[in-house]
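Novice: Attaching a predicted model along with its sequence, questions to come.
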Amino acid sequence: MKAIAIVMLLSLSATSVDAQTPPGVHKEAAPTPHPMKRFTWRDEAAGYTFVGPPRWAGRVQAVPLSSKALAASGATSGVQFRDGDRVVLELLAADDGREKALLTAGATELSRSSGHVVAVKTEARGGELALTADELAGAVQWDGGTAGEAAR
């Protein structure tokens with residue numbers, strides 16, 4: 001009688017172990033990793049890359065400024081980051097000689113390196129997509145430099 005009870009207990013414990021086995025142990029494919037979503041925009045002329053937060057990926061679009069808007073701002077290149085019709089952020093870039101024109105147009109200097117200045121337009125409101133001060137400080141990555149580096 002004891003032998004039958006022991007056999008029954010062993011058979012029940014073996015089936016309960018099979019039922020509790022975590023997925024992936026018995027030749028099941030592991031779940032595929034999802035790549036981290038990033039938002040980046042490159043300004044070849046000024047030599048920097050803007051890296052937005054992951055929450056911008058798939059939502060924010062980069063719209064280059066028209067030549068009329070660039071002339072009014074004093075910038076040589078510029079972009080608006082938009083979520084639909086709403087402007088989340090506006091970046092303007094120029095060489096050192098045109099810095100005063102950027103500041104006169106209502107922009108604030110964000111970063112500078114190798115004779116180029118990147119400024120941010122303060123009028124843009126991004127709502128929940130707006131950048132924090134820390135995100136904005138580290139968003140500009142100059143060619144051959146580190147994020148937020150400013151050479152003066």
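Specialist: Okay, I see it.
Novice: D143 - nearest residue in space that isn't next to it in sequence?
Specialist: Once flanking residues are discounted, D143 sits nearest to G47: 4.4 Å by C-beta to C-beta, 6 or more residues apart in numbering. From N, CA and C alone the C-beta is placed, and that goes for glycine too.
Novice: Isn't the one you found up against R112?
Specialist: No - counting by C-beta atoms under 8 Å, G47 does not reach R112; the two are 11.3 Å apart.
Novice: Have a look at those two and say which one is more surrounded.
Specialist: R112 (22 against 17; other C-beta atoms under 10 Å).
Novice: Which residues does the more buried one form beta bridges with?
Specialist: V117 (DSSP bridges).
Novice: if I look at it, how far off is I6?
Specialist: Separation of R112 from I6 (C-beta to C-beta, to the nearest Å) stands at 80 Å.
Novice: can you check A105 too?
Specialist: Taking C-beta to C-beta, one finds A105 at 87 Å from I6.
Novice: Show the average pLDDT along the lengthiest strand in the chain.
Specialist: Using DSSP state E to define each element, the chain has its longest strand at strand 86-95. For strand 86-95, the mean per-residue pLDDT is 90.
Novice: likewise stretch 143-152?
Specialist: 55.
Novice: Over to stretch 107-124?
Specialist: Across stretch 107-124, the average pLDDT comes to 82.
Novice: give me phi/psi at T104?
Specialist: The phi and psi values for T104, taken as degrees, to the nearest 10, are phi -70, psi -30.
Novice: Quick one: residues contacting it.
Specialist: For T104, the contact set (C-beta atoms under 8 Å, 6 or more residues apart in numbering) comprises G74.
Novice: again, 6 Å this time
Specialist: The contact partners of T104, by C-beta atoms under 6 Å, 6 or more residues apart in numbering, come to none.
Novice: now swap in T49 and tell me
Specialist: 40, 42, 141.
Novice: Next, work out how far apart it and R112 are.
Specialist: Distance of T49 to R112, computed by C-beta to C-beta: 15 Å.
Novice: Please, where are all the helices along this structure?
Specialist: 2-19, 67-73, 99-104, 133-137 (DSSP state H).
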